[in-house]
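**Student:** My questions concern the predicted model and sequence given below.
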Amino acid sequence: MKKLAVVAIGGNAVNRPGEKPTAQNMIKNLSETASYIVNMLDEYDIAITHGNGPQVGNLLIQQEIAKNKVPPFPIDVNDAQTQGSLGYMIAQTLNNCLKEKGRKREISALITQIIVDKNDPAFENPTKPVGPFYTKEEAEELEREKGWKIVEDAGRGWRRVVPSPKPLDIIEKDVIKLLMKNDVIVIAAGGGGIPVVLEDGRLKGVEAVIDKDRASALLAKEIGADVLIILTGVEKVYLNYGKEDQKALDRLTVSDAKKYLKEGHFPKGSMGPKIEAAIDFVEATGKECLITDMSVLDKALRGETGTRIIKG
C-alpha cells in the first residue's frame, strides 16, 4: 500500500523572487516543480495544494486599474479564478512530466470551497499578504489613495493584506476522497480554497484569502493523509533565521514548535502559518509534517534533510 500525502507547494514553485509574473514564467517554474513531485509517485498517492497570494493580489490590481471599464469581482471570485488558472497550469505540467517519463496517471484540478466562520475576528484584522511588494513610500501612498491596509512582510518589503479566516470544513471533501480512491492525482484547496460561509443553510462567498498551509492541514486531516509536506523556499526551518546565530532544525516537537512560535522565531508573513499548520495536523493525527525546499524533496523524504514536526 502506498502512503498518502498532501503536498503544499509554495510561491517559489510558481514565481521566483524578482521574476515577472507572466504565464510563461509560471509554466516554466511549475514544470520544474512537477518533476520533483512525479518522483514521489512510486511511494505516495498525492493531493496537491498551492497558494495564490501573489496571483490574486495581481488580479485585484488589474481590476482596480480597469474598474471604470469593467466592474471588479469580489475577492472570493478572484480566488476561484486563480484556483482555476493555477490548477490548470499544475495539471498540464504534471501531465507533460508524466508523459516524458512514460507514465500515465489521471489528474484532476478541483474547484474547492472551504467554510469559514462569518464572525471570525480575522475579518476585522487583515493579515494575509497578497500581490506584489512595495517600497515604504509606495505603501504609504497606496494606503492614502486606496484605503488598503499595507504592512511590512518579513523584511522583504511592504504588501497589501486582506482577511485570512480559519478554514473549518471542505465542501468537496467527499469528491476528493472518491477521486483519490480511484488513483487520481487531485489538485485541491488551491489558494487556500474559496472562502464561503453558511447563511440559512446556503453557501455564500466572502471577501478573504485563506492561508493555503492551514487549508492544506485541514485537507490532510479530512482525507487521512500519512504525511503533510509543505514545500517552501528554505531547506529547513530555522531559529533566528537570517541572523548570525541562525540554527537549522532537523526535528521539532509540537511543544517546542509552540514555544518557538510564541517567542517570535516564525514570522506571521512567512514561516508562522506553516508551523501553525504543522502543529494542527500533527496534534490532530499523531502523524508527521515535513517542511523543506522542493529541490531537495527526494532527500527529505529519505530523512536526509528537511524539518520534521513530530508529536511531543
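**Tutor:** That came through, no problem.

**Student:** Can you name the element that comes right after the longest helix belonging to the chain?
**Tutor:** If you go by DSSP state H, the chain has its longest helix at helix 75-100. Under the assignment DSSP states H and E, the closest C-terminal helix or strand after helix 75-100 is strand 106-109.

**Student:** Now do the helices in the stretch 1-150 of the chain.
**Tutor:** Secondary structure of the stretch 1-150 of the chain, counting by DSSP state H, counting those that start in this stretch: helices at 23-38, 53-65, 75-100, 136-146.

**Student:** The second one versus helix 136-146: what angle between them?
**Tutor:** Here helix 53-65 runs at an angle of 50 degrees relative to helix 136-146 (axes from the mean of the first three to the mean of the last three C-alpha atoms, to 10 degrees).

**Student:** buried ones in helix 53-65?
**Tutor:** Going by neighbour count (16 or more other C-beta atoms under 10 Å), the buried part of helix 53-65 is 53-60. To be clear about C-beta, it is placed using only N, CA and C from the backbone, and glycine gets the same treatment.

**Student:** repeat for the shortest one
**Tutor:** Residues 139, 142-143 are the ones in helix 136-146 that count as buried (16+ other C-beta under 10 Å).

**Student:** What is the burial count for Gly303?
**Tutor:** Residues lying near Gly303 (other C-beta atoms under 10 Å) number 10.

**Student:** quick one, what contacts it?
**Tutor:** Residues near Gly303 by C-beta atoms under 8 Å, 6 or more residues apart in numbering: none.

**Student:** Kindly report the same for Leu168.
**Tutor:** Shown in contact with Leu168 (C-beta under 8 Å, 6+ apart): 114-117, 218.

**Student:** And these, which two are furthest apart?
**Tutor:** Asp117 and Leu218 (13.5 Å; C-beta to C-beta).

**Student:** got any ranges where the stretch 151-300 of the chain has weak pLDDT?
**Tutor:** Along the stretch 151-300 of the chain, the parts satisfying pLDDT under 70 run over 154, 269.

**Student:** try 80
**Tutor:** Where the stretch 151-300 of the chain drops to pLDDT under 80, the residues are 153-156, 268-269.

**Student:** Show me where it has its strands.
**Tutor:** If DSSP state E, counting those that start in this stretch is used as the criterion, the strands of the stretch 151-300 of the chain fall at 158-162, 169-170, 184-187, 194-199, 202-205, 227-232, 237-239, 247-249, 251-253, 288-293.

**Student:** Which residue, other than its chain neighbours, is closest to Ile37?
**Tutor:** Val7 (6.2 Å; C-beta to C-beta, 6 or more residues apart in numbering).

**Student:** can you count the residues close to the residue nearest to Gly242 when sequence neighbours are not counted?
**Tutor:** Closest residue to Gly242 apart from its sequence neighbours, by C-beta to C-beta, 6+ apart: Gly155 at 7.4 Å. Look at Gly155: counted by other C-beta under 10 Å, it has 10 neighbours.

**Student:** quick one: Gly155 from Lys268, how far?
**Tutor:** As judged by C-beta to C-beta, to the nearest Å, Gly155 and Lys268 stand 12 Å apart.

**Student:** how close does Thr127 get to Lys28?
**Tutor:** Taken as C-beta to C-beta, the span from Thr127 to Lys28 is 31 Å.

**Student:** Equivalent analysis for Asn240, please.
**Tutor:** For Asn240 relative to Lys28 (C-beta to C-beta), the value is 34 Å.

**Student:** out of those two, which sits in the busier spot?
**Tutor:** For the pair Asn240 and Lys28, the greater number of neighbours falls to Lys28 (13 against 10), based on other C-beta under 10 Å.
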